[in-house]
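*Asks:* Here's my sequence, what's the structure:
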Amino acid sequence: MRRSIKKKTTYFFRITRKSSGFTLIELLFAMMLLAILVVIAISVYKNYLDKAKIAIAESTLDITRDDLQIYNMDNGKYPDSIDFTNCVDENSRAVFSPTFCDQLKKDLSSIEYNAANITTYTLKAHAKDTKNTLITLTPKSITK
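*Replies:* Below is the predicted model:
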């Protein structure tokens, strides 16, 4: 009696497995997909942070406008210059409260104040976002 022995043939595209698991290619593909998703998530998060920093800077400048308006009502004019290290004018009068002065330094990267005359001013400040967005404050508007 003759026994026939069947040969096991393997094909290049066909992989027979005896145990369940993932191949190296499947794992590499999953890792690449995960890396792409992480990169997208990080860029979306950074854009979100930049928009939030710009909104904080605009809000701070809105309060600055209110404080300058109060200064104008008290003194009959806007300050000729402001020293932002301690937030006093040219006559050493306080323009902003010390806590708000600290808030200005925290929320804005640079501030430049110019008084055109006694009725108007221009305050230019840079937000602390990655692009250092320039925001301009006048008595009537805030523009980016």
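
*Asks:* who touches the spatially most central residue of the chain in this structure?
*Replies:* Centroid-nearest residue in the chain, with CA atoms, centre = their mean: Asp50, separated by 1.8 Å. For Asp50, the contact set (CB atoms under 8 Å, 6 or more residues apart in numbering) comprises Asp129, Thr130, Lys131. For glycine as for every other residue, the C-beta is placed from the backbone atoms N, C-alpha and C.

*Asks:* One more pass at 7 Å, please.
*Replies:* Residues near Asp50 by CB atoms under 7 Å, 6 or more residues apart in numbering: Asp129, Thr130.

*Asks:* And Tyr78, by the same measure?
*Replies:* Residues in contact with Tyr78 (CB under 7 Å, 6+ apart) are Leu68, Tyr71, Asn72, Ala115, Ile118, Tyr121.

*Asks:* Just the closest of the residues you listed to Val95, please.
*Replies:* Tyr71 (5.5 Å; CB to CB).

*Asks:* Count the residues that sit near that closest one.
*Replies:* 19 (other CB atoms under 10 Å).

*Asks:* re the thing from before, please give the element, helix or strand, for the residue nearest to the centre of the chain.
*Replies:* helix 24-75 (DSSP states H and E).

*Asks:* returning to what we had before: from the contacts of Tyr78, list the buried ones, please.
*Replies:* Leu68, Tyr71, Asn72, Ala115, Tyr121 (16 or more other CB atoms under 10 Å).
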